[in-house]
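Undergrad: Give me a model of this one.
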Amino acid sequence: MIRLLRPLVRGTTYSRLLHLWMPIMAISVWLFIDMTRPWVPPLVAALLGLVPAVRRGEGIQARLLLAREDRGGAQADISVEPSATWRDRLRTVLWLQARLLFGMATGVVTVWLPMLAVDLAASAHGDMSVGNPVVDVSEPHWAYALLVPVPLVVMAALVVALGELITAVAGRLLGPSPAERLAALEERTEQLLERNRIARELHDSIGHALTVAVVQAGAARAAGDPEFTERALGAIEETGRAALEDLERVLGVLREERRPAAGRPTLAEADRLLDSARASGAKVDAEVTGPLETVPGPVSREGYRMLQESLTNVLRHAGSVPVRVRIAVEEGALGLEVRNPLAAGAPGPGRGSGLRGIRERAVLLGGRARTGPDAGDWQVRVELPLS
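TA: Numbering: from 1, shown residues only. You can find the predicted model right below:
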């Protein structure tokens, strides 16, 4: 019983009723002026539907009155954009005609059914003086009082049903067009890609800095040499400062909608990563061939992050071991290879999100990446097209 009565205590039910009443008010005003031309309101509604801005106004009104408590549900199915095509205009015309029909049905329900209840009450009371009764009762009887709630219950049910129905119709006729749905999908995709990019940026930058700090601190404690400890603290300070700069760049994307990407590090700054790895104890043998300055910005920036994650994995999983780094720009492609000895019995570092991020970055740029054991070494090999 409570479930059946729940719609009657919802504000949306009465805001929908207001939405249904609005066309009747306009029709009533016109009929008061001229009852001989009842076709004028539908014609005016059809002409208004051809105006692009009317679709926006109807969408806003439908969201506020029909779907006011359904954020992201029914509201998402109702567009608030002006008509961009003739198909949108035609749908708006149909919507306005539907509003008139629903309005007239609501007028019948909310006027005649209460009048019927009044007639039944008068008949039960024996008062036959009610003018223009809906039902003509020849003999009054007290039993008619038992029927008085019936029209009122039917009216409440019909009002709720008409509100639900017009909301569904609004979703069909005022819903986003295919072009609007495609634009919304593209925007959502861009947001997801941006979130993934930010997550990878934070993982690579902060993960590298923490790994270097942990390795340096552990080495300094084991060495017990004040001079080595001083160098280790300097490396930790430099790496931490660089990580803070990277963090500021990444968080800048969240602060500004159109943050330029040019401020992010590129492969031209690869020496900073190599020096950081050397300062952590790794014996880095680096070879760079080809003009790095000709590498396009997106490829160079993503290549930097791939190199950073590769060196981070070496320090985290292998420690102070010889590392061979090869960066080559040739034949319209960028090649990146990082190799280090794979200790016997040590699990390969291929299960975390870092190496998966390398592969994802490569795929997004139209390239490919291979990570895994190779001839007794752990290898990260990336090939990215420059075009």
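Undergrad: Just the strands from the stretch 201-350 of the chain, written as ranges.
TA: Applying DSSP state E, counting those that start in this stretch to the stretch 201-350 of the chain gives strands spanning 283-289, 322-330, 333-341.
Undergrad: Pick the most deeply packed of the ones you listed.
TA: strand 333-341 (a mean of 21; mean count of other Cβ atoms under 10 Å). Yep, even glycine has a C-beta here, placed from its N, CA and C like the rest.
Undergrad: Following the chain onward from it, which element is next?
TA: Using DSSP states H and E, the helix or strand that follows strand 333-341 in sequence is helix 353-364.
Undergrad: Quick one: list the elements packing against the helix or strand that that next one is followed by.
TA: Downstream of helix 353-364, the first helix or strand assigned by DSSP H and E is strand 368-374. Packed against strand 368-374 by the contact rule (3 or more Cβ pairs under 8 Å, 6 or more residues apart in numbering; DSSP states H and E) you find helix 353-364, strand 377-385.
Undergrad: Which one of these lies nearest to residue 223?
TA: Among the helices and strands packed on strand 368-374, strand 377-385 comes nearest to residue 223, with 25.8 Å by Cβ to Cβ.
Undergrad: Check what contacts the closest one and list those residues.
TA: 299, 302-303, 306, 310, 313-314, 317-318, 332-342, 348-349, 355, 358, 362, 365-373 (Cβ atoms under 8 Å, 6 or more residues apart in numbering).
Undergrad: now with 6 Å?
TA: 299, 306, 310, 333-342, 362, 365-371 (Cβ atoms under 6 Å, 6 or more residues apart in numbering).
Undergrad: ok, which stretches of the stretch 101-250 of the chain are helices?
TA: 149-173, 178-223, 226-255 (DSSP state H, counting those that start in this stretch).
Undergrad: which one of the ones you listed is the most hemmed in?
TA: Compared across these, helix 149-173 shows the largest average neighbour count, a mean of 17 (mean count of other Cβ under 10 Å).
Undergrad: chain center to that helix: distance?
TA: Relative to the centre of its chain, helix 149-173 is centred 32 Å away, using Cα atoms, centre = their mean, to the nearest Å.
Undergrad: Could you pull up the mean pLDDT of it?
TA: For helix 149-173, the mean per-residue pLDDT is 91.
Undergrad: what helices or strands is it leaning on?
TA: Where contact means 3 or more Cβ pairs under 6 Å, 6 or more residues apart in numbering; DSSP states H and E, helix 149-173 is packed against helix 11-33, helix 86-125.
Undergrad: related to what we said a few turns ago, which one of the strands of the stretch 201-350 of the chain lies closest to residue 198?
TA: Comparison of the strands of the stretch 201-350 of the chain against residue 198 by Cβ to Cβ identifies strand 333-341 as nearest, at 22.3 Å.
Undergrad: Name the residues that touch the closest one?
TA: Counting by Cβ under 6 Å, 6+ apart, 295, 299, 303, 310, 314, 318, 321, 323-328, 377-385 sit against strand 333-341.
Undergrad: quick one: low-confidence parts of the stretch 101-250 of the chain?
TA: Counting by pLDDT under 70, the stretch 101-250 of the chain shows low-confidence ranges at 126-139, 182-194, 197, 200-201, 205, 246, 248-250.
Undergrad: For residue 16, give me its contacts.
TA: 66, 163 are the contacts of residue 16 under Cβ under 6 Å, 6+ apart.
Undergrad: What's the separation between it and residue 66?
TA: Separation of residue 16 from residue 66 (Cβ to Cβ, to the nearest Å): 6 Å.
Undergrad: surely residue 20 meets residue 106?
TA: Yes - taking contacts as Cβ atoms under 6 Å, residue 20 lies within contact range of residue 106: 4.0 Å.
Undergrad: Tell me which of the helices and strands packed on strand 368-374 approaches residue 277 most closely.
TA: Nearest to residue 277, of all the helices and strands packed on strand 368-374, is strand 377-385, at 13.5 Å by Cβ to Cβ.
Undergrad: Note down every partner strand of the closest one and its orientation.
TA: strand 333-341 (antiparallel), strand 368-374 (antiparallel) (DSSP bridges).
Undergrad: Give me the mean pLDDT for the first one.
TA: Mean pLDDT, strand 333-341: 91.
Undergrad: CA-only coordinates of it, as CSV, when you get a sec.
TA: What follows is strand 333-341, C-alpha atoms only, in CSV (Å, rounded to 0.1, in the frame of the first residue of the first chain):
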residue,chain,number,x,y,z
ALA,A,333,60.8,5.5,-36.6
LEU,A,334,62.0,5.9,-33.0
GLY,A,335,63.6,2.9,-31.4
LEU,A,336,64.1,2.5,-27.7
GLU,A,337,65.7,-0.4,-26.0
VAL,A,338,66.6,-1.0,-22.3
ARG,A,339,68.4,-4.2,-21.3
ASN,A,340,69.7,-5.4,-18.0
PRO,A,341,70.8,-8.8,-16.7
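Undergrad: which residues touch residue 273?
TA: 307, 308, 311.
Undergrad: what's the domain layout of the protein?
TA: 2-176, 182-385 (automatic domain parsing).
Undergrad: State the distance from residue 181 to residue 98.
TA: Taking Cβ to Cβ, one finds residue 181 at 22 Å from residue 98.
Undergrad: mind checking pLDDT for residue 42?
TA: With respect to pLDDT, residue 42 has a value of 91.
Undergrad: In this structure residue 166 contacts residue 102, no?
TA: Yes - counting by Cβ under 6 Å, residue 102 is a contact partner of residue 166 at 5.0 Å.
Undergrad: anything in contact with each of these two?
TA: Counting by Cβ under 6 Å, 6+ apart, no residue touches both residue 166 and residue 102.
Undergrad: picking that back up, minimum distance to residue 41: which of the strands of the stretch 201-350 of the chain has it?
TA: Between residue 41 and the strands of the stretch 201-350 of the chain, the tightest spacing by Cβ to Cβ is seen for strand 333-341, at 67.7 Å.
Undergrad: and the angle for that closest one with strand 322-330?
TA: 170 degrees (axes from the mean of the first three to the mean of the last three Cα atoms, to 10 degrees).
Undergrad: okay, now residue 64: neighbour count?
TA: Using other Cβ atoms under 10 Å, residue 64 has 12 neighbouring residues.
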